[in-house]
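> below: sequence and its predicted model.
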Amino acid sequence: MAEPPPFRPDKAKVAIEGDGDFVLPLCEPKPGLLMGESLAVIVLTTVEGQCVGVPLGMQGLSDLHEITREALRLLQAKDGDVVQ
């Protein structure tokens with residue numbers, strides 16, 4: 001499988017328009033990360049092979065860290081185990 005081209009934030013299009021919630025079909029196991037002075041962009045790949053950049057500030061990254069740590073803890077608990 002050929003490597004996809006690198007994510008280019010300056011060439012990326014705004015994909016979400018309008019109101020309401022949405023779901024992106026993400027599946028690729030290797031997310032990327034672009035760092036700026038006060039902003040990070042997490043780059044994820046959809047099942048269709050498109051790159052999606054999710055810009056996050058410091059608080060957003062901190063919140064994402066807490067949420068993913070909790071999700072991993074719950075996923076790693078075996079059925080019937082007490083989750084602390």
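Cool, got the structure. Numbering: from 1, shown residues only.

> give me the distance between residue 66 and residue 9.
Separation of residue 66 from residue 9 (CB to CB, to the nearest Å) stands at 25 Å. For glycine as for every other residue, the C-beta is placed from the backbone atoms N, C-alpha and C.

> same deal with residue 75?
From residue 75 to residue 9 the distance is 31 Å (CB to CB).

> one more: residue 39?
Using CB to CB, residue 39 is found at 10 Å from residue 9.

> and the strands in the chain?
32-35, 40-45, 51-56 (DSSP state E).

> winner for burial among the ones you listed?
strand 40-45 (a mean of 17; mean count of other CB atoms under 10 Å).

> let's test this: mean pLDDT of that one, rounded?
Across strand 40-45, the average pLDDT comes to 87.

> likewise stretch 5-15?
For stretch 5-15, the mean per-residue pLDDT is 77.

> off-centre distance for that stretch?
Offset of stretch 5-15 from its chain centre (CA atoms, centre = their mean, to the nearest Å): 15 Å.

> check stretch 41-57 too.
Per CA atoms, centre = their mean, the centroid offset for stretch 41-57 relative to its chain is 6 Å.

> for stretch 12-29, measure first residue to last.
From its first residue to its last, stretch 12-29 covers 21 Å (CA to CA, to the nearest Å).

> which stretches in this structure count as helices?
For the chain, the helices defined by DSSP state H cover 58-76.

> nearest spatial neighbour of residue 12, skipping sequence neighbours?
Spatial nearest neighbour of residue 12, chain neighbours left out: residue 53 (5.6 Å); criterion: CB to CB, 6 or more residues apart in numbering.

> distance of the residue lying closest to residue 28 once chain neighbours are set aside from residue 72?
Nearest residue to residue 28, sequence neighbours excluded (CB to CB, 6+ apart): residue 45, at 3.6 Å. According to CB to CB, residue 45 stands 20 Å off from residue 72.

> ok, residue 28 next?
Applying CB to CB to residue 28 and residue 72 gives a distance of 18 Å.

> before we move on, what about residue 34?
Relative to residue 72, and taking CB to CB, residue 34 is found at 23 Å.

> now do the same contact list for residue 59.
Not one residue lies near residue 59 by CB atoms under 8 Å, 6 or more residues apart in numbering.
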